[in-house]
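Colleague: curious how this folds, go ahead:
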Amino acid sequence: MYLSRIMLDAAKPKTMLALASPNLFHGAVESAFPGERTRKLWRIDMLRGERCLLILSEEAADWSSVCAQFGFPGRPAETKSYDPLLERITGGSKWQFRLRANPTVAVKQDGSRGKVLAHTTTDYQMQWLAARAEKHGFTLIPEEYLVTENKWYAFRKGGKNQVRMLAVTYEGLLTVTDAELFRQALTQGIGREKAYGMGMLTVTAPRY
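Modeller: As a prediction, this is how the structure comes out:
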């Protein structure tokens with residue numbers, strides 16, 4: 001696995017448009033991988049006050065086209081192997097985490113499958129993540145994580161169907177209970193709308 005980072009030039013009109021319509025970033029990321037599609041996670045993040053595009057992929061890619069569209073001249077993408085971090089995951093280890101996800105609930109209507117609705121309150125957003133922790137191999141203590149951002153997106157998919165979704169950013173501390181399940185969460189993501197920059201969980205050593 002490879003983790004890549006592209007610093008974004010928010011002054012570029014195309015970057016400004018993509019920050020509001022994440023399907024444009026999705027298309028650019030996919031175009032960097034010719035051939036059969038493979039699993040990729042990505043999200044918009046902040047690094048020392050600057051926006052960046054993080055991408056996790058099974059293969060290394062040529063990001064020059066993406067950098068030309070959204071990045072700064074002379075600032076190429078940075079790519080490193082993700083495997084050393086995955087190898088450090090052990091049961092009982094504690095990590096500082098960040099997750100951008102799309103917490104939702106399916107509400108049944110008239111016997112149908114149900115309409116998918118966003119969790120819009122902090123309490124339900126926190127409960128949503130807590131409910132998924134065990135199956136993804138980690139535990140959370142309520143006082144050690146929080147919601148740091150809510151952002152609504154509304155854009156048209158393929159110029160036709162309208163997509164409206166809520167991106168929720170979580171940050172805090174977690175403890176790994178099942179190393180294999182947790183590695184799957186890191187490489188496969190959590191929740192819905194992964195194509196649009198949701199579900200990517202990243203960890204670093206705790207900051208005490």
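
Colleague: and the contacts of stretch 97-117?
Modeller: If you take C-beta atoms under 8 Å, 6 or more residues apart in numbering as the criterion, stretch 97-117 is touched by 43-45, 118-119, 124-125, 128-129, 145, 165-174, 190-193, 197-203. For the C-beta atoms, the positions are set from N, CA and C on the backbone; glycine is no exception.

Colleague: tell me who's in contact with residue 78.
Modeller: Contacts of residue 78 by C-beta under 8 Å, 6+ apart are 4, 5, 6.

Colleague: in terms of helix, strand or coil, where does the first one fall?
Modeller: The reference is to residue 4. The three-state label for residue 4, taken from DSSP: H, G, I helix; E, B strand; the rest coil, comes out as strand.

Colleague: against residue 152, how distant is it?
Modeller: 27 Å (C-beta to C-beta, to the nearest Å).

Colleague: between the two, which one's more packed in?
Modeller: residue 4 (23 against 10; other C-beta atoms under 10 Å).

Colleague: do you know how far that one is from residue 187?
Modeller: 14 Å.

Colleague: do a quick rundown of the strands in the protein.
Modeller: 2-7, 40-47, 50-57, 78-81, 94-101, 104-107, 115-118, 138-139, 145-157, 161-176, 200-204 (DSSP state E).

Colleague: nearest to residue 63, out of these?
Modeller: For residue 63, the closest of the strands of the chain is strand 2-7, at 6.0 Å, according to C-beta to C-beta.

Colleague: that closest one: which residues count as buried?
Modeller: Neighbour-count burial for strand 2-7, counted by 16 or more other C-beta atoms under 10 Å, picks out 2, 3, 4, 6, 7.

Colleague: below-threshold pLDDT in this structure: ranges please.
Modeller: 109-113, 158-159, 208 (pLDDT under 70).

Colleague: so it: which segments form each domain?
Modeller: 2-81, 86-204 (automatic domain parsing).

Colleague: check contacts around residue 179.
Modeller: Applying C-beta under 8 Å, 6+ apart, the residues near residue 179 are 89, 90, 91, 137.
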